[in-house]
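*Asks:* have a look; sequence and predicted model below, questions after that.
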Amino acid sequence: MKILVGYKRVVDYNVRIQVKPDGSGVVTDGVKLSANPFDDIALEEALRLREKGLAEEVVIVGIGPADLTAHLRNGLAMGANRAIHVQTTDAVSPLAAARTFLKLIEKEQPSLVILGKQAIDDDANQTGQMLAALWDRPQATFASKVEIAGGKVTVTREVDAGLETIEAELPAVITTDLRLNEPRFIKLPDIMKAKSKPIDVIELGSLGVEVADHIKTTHYAAPPKRSKGVMVKDAAELVAALKQKGLL
């Protein structure tokens, strides 16, 4: 069984996001970039399935500019067998990403596609669902447990009411939640081994995927600063303060 894993690069979750002065986007120059945390979880789960003997090959996919190679090397150092770099300088919407994955699926013929449930830069939570619809295959989102047996995948999902367990025929699409696993640390020998692992570079334009976004972002702005809290002596003073602000 072959597993295809989405591996997106985003601004590191420890970085304080700064909006550009003209409001055209966020500052990325000189900012630490790293793997989307949910994608690290997706890769870790794929590696664990391979280690259990349920998969033979794990292939990571990244969509982005030429300098994405170093990011993909990290995924290879983590344990992926090989990487596919779909090269483009354009911003890629969730729908364009799903269409790109579909083209790669047609070529690679994986039995399972694992994606992070969302990327922490746009928080869209759309690519996995769109891919399943385009591929016309089952989907299991927000996975907190994954089991494979008899050509089927059993997934425990985290939903508002608690946990839901579903079973789907393979091939299928899974998106990962935070509690699925804890990604492994990359060791120095693995970093050295990753340098010899193959990265296939494909121009996005050669796949015939339309990247034009149907939604236009007109402006970015930082969240407004919170005003200072006010101490009140009793409930009556609290009610009076709320009325003064027009909140009651």
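*Replies:* All right, it came through fine. As the structure is a computational prediction, the values presented were derived from the model and not from experiment. Numbering: from 1, shown residues only.
*Asks:* how about the strands in the chain?
*Replies:* Assigned by DSSP state E, the chain shows strands spanning 2-6, 9-11, 33-35, 57-64, 82-87, 112-116, 139-149, 152-159, 162-169, 172-176, 199-203.
*Asks:* in a markdown table, list those along with mean neighbour count, mean pLDDT and distance to Ala236.
*Replies:* C-betas here are computed from N, CA, C, even on glycine. What follows is the strands of the chain, written out as a markdown table (neighbours: other CB atoms under 10 Å; pLDDT from 0 to 100; distance: least, CB to CB, whole Å):
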| stretch | mean neighbour count | mean pLDDT | distance to Ala236 |
| --- | --- | --- | --- |
| strand 2-6 | 25 | 96 | 56 |
| strand 9-11 | 21 | 91 | 47 |
| strand 33-35 | 18 | 90 | 51 |
| strand 57-64 | 23 | 95 | 58 |
| strand 82-87 | 21 | 95 | 63 |
| strand 112-116 | 28 | 96 | 50 |
| strand 139-149 | 19 | 94 | 45 |
| strand 152-159 | 18 | 93 | 42 |
| strand 162-169 | 12 | 93 | 41 |
| strand 172-176 | 27 | 96 | 50 |
| strand 199-203 | 14 | 94 | 68 |
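*Asks:* now those in CSV, with distance to Gln126?
*Replies:* Listed next are the strands of the chain as CSV, based on distance: least, CB to CB, whole Å:
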stretch, distance to Gln126
strand 2-6, 12
strand 9-11, 15
strand 33-35, 19
strand 57-64, 15
strand 82-87, 18
strand 112-116, 10
strand 139-149, 11
strand 152-159, 17
strand 162-169, 19
strand 172-176, 10
strand 199-203, 23
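*Asks:* mind checking which of those strands is nearest Thr217?
*Replies:* With CB to CB as the measure, strand 9-11 is the member of the strands of the chain nearest Thr217 (16.1 Å).
*Asks:* list the neighbouring strands of the closest one plus their orientation.
*Replies:* Strand 9-11 has the following strand partners under DSSP bridges: strand 33-35 (antiparallel).
*Asks:* out of the strands of the chain, which comes closest to Arg226?
*Replies:* Of all the strands of the chain, it is strand 9-11 that lies closest to Arg226, at 22.6 Å by CB to CB.
*Asks:* gap between that closest one and the chain center?
*Replies:* With CA atoms, centre = their mean, to the nearest Å as the basis, strand 9-11 stands 10 Å off its chain's centre.
*Asks:* show residues contacting that strand.
*Replies:* Residues from elsewhere that reach strand 9-11 (CB atoms under 8 Å, 6 or more residues apart in numbering): 17, 26, 28, 31-36, 62, 64, 68, 71, 119-121.
*Asks:* so which of the residues you listed is the closest to Val173?
*Replies:* Nearest to Val173 among the contacts of strand 9-11: Ala119, at 15.7 Å, using CB to CB.
*Asks:* great, nothing more from me.
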